[in-house]
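Visitor: Here is a sequence together with a model predicted from it:
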Amino acid sequence: MSTAYQLWHGQGTRSLRIMWLAEELGITDRITVHPVPFPPRMKAPEYLDINPRGSLPLFVDGAVRMTESIAICLYLLSRHAPTPLALSPAEPGYHDYLEYVVFGEASMMPPIGGIVRQLLIETPETRSATVLAEARENVAFRIRHISAALADGRDYLAGCRLTLADISVGYSLNLITALGEGAIIAPDVAAYLDRLRARPAWITASER
């Protein structure tokens, strides 16, 4: 099948969500991947000529240009429907699916971003132990919401199968461990993350 999509991808960035979803969908042969070092504003200033926002990912499908990772995932799911990676409104757990697709970005990423800033951006002189502790506390508080969703013994967040909800949340949890902050993650959620990272699609996507 001929290539239909282009993706500007930085290893470990939010574009990993698209790579993972593409592997699960079996459409990687349709994607031309353009590797971009992170942060592109510093390491690949020429990328700003392509995407003035300087953010990753950038996804192109003909005249379509998108930069929000969750929106890109939803777009691909609609283009390649039907797929078990999405729940329909008629299925049980549809509300959970919507909740956690958004939760992985809107609720998880802001406090994780606070940790990123304190550990990787601020200098030792400007770093704040108080701000870092607050960010860690906020991440831990949000993880309780994931624990509650898994409390009945389910392996996935919605629909009793892997969906975009897990890809959204799983990326955020993995980023926490990549920052060396895995101690924040409760044991049940850590086990959930281990299940996600054992999937062949995750393993392949994370190495791209």
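Guide: Alright, I've got the coordinates.
Visitor: Find the residue closest to the residue nearest the centre of the chain in space, skipping its chain neighbours.
Guide: Per C-alpha atoms, centre = their mean, the C-alpha nearest to the average position across the chain is that of Tyr171, at 3.6 Å. Distance criterion C-beta to C-beta, 6 or more residues apart in numbering; nearest residue to Tyr171, sequence neighbours excluded, is Arg17 at 4.9 Å. Just so you know, the C-beta spots here come from the backbone N, C-alpha and C atoms, and that holds for glycine as well.
Visitor: continuing past the host helix or strand of the one you found, what's the next helix or strand?
Guide: Assigned by DSSP states H and E, Arg17 belongs to helix 15-25. Downstream of helix 15-25, the next assigned helix or strand under DSSP H and E is strand 31-35.
Visitor: ok, and what's touching that following strand?
Guide: Strand 31-35 has contacts (C-beta atoms under 8 Å, 6 or more residues apart in numbering) with Thr3, Ala4, Tyr5, Gln6, Leu7, Trp8, His9, Gly10, Gln11, Met19, Ala22, Arg208.
Visitor: And stretch 201-208, by the same measure?
Guide: 9, 11, 16, 19-20, 22-24, 33, 170, 174, 196-197.
Visitor: Give me the domain ranges for the chain.
Guide: Here the domain parsing of the chain from automatic domain parsing is 5-79, 94-206.
Visitor: looking at those, which is closest to Leu87?
Guide: Of all the domains of the chain, domain 94-206 sits nearest to Leu87, with 4.1 Å by C-beta to C-beta.
Visitor: need the strands for the protein, in chain order.
Guide: Listed in chain order, the strands of the chain (DSSP state E) span 5-9, 31-35, 58-61, 64-66.
Visitor: Put together JSON lines for those, with mean neighbour count, distance to Tyr47 and mean pLDDT on each row.
Guide: Below are the strands of the chain laid out as JSON lines (neighbours: other C-beta atoms under 10 Å; distance: least, C-beta to C-beta, whole Å; pLDDT from 0 to 100):
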{"stretch": "strand 5-9", "mean neighbour count": "22", "distance to Tyr47": "7", "mean pLDDT": "96"}
{"stretch": "strand 31-35", "mean neighbour count": "15", "distance to Tyr47": "9", "mean pLDDT": "95"}
{"stretch": "strand 58-61", "mean neighbour count": "20", "distance to Tyr47": "8", "mean pLDDT": "96"}
{"stretch": "strand 64-66", "mean neighbour count": "13", "distance to Tyr47": "14", "mean pLDDT": "96"}
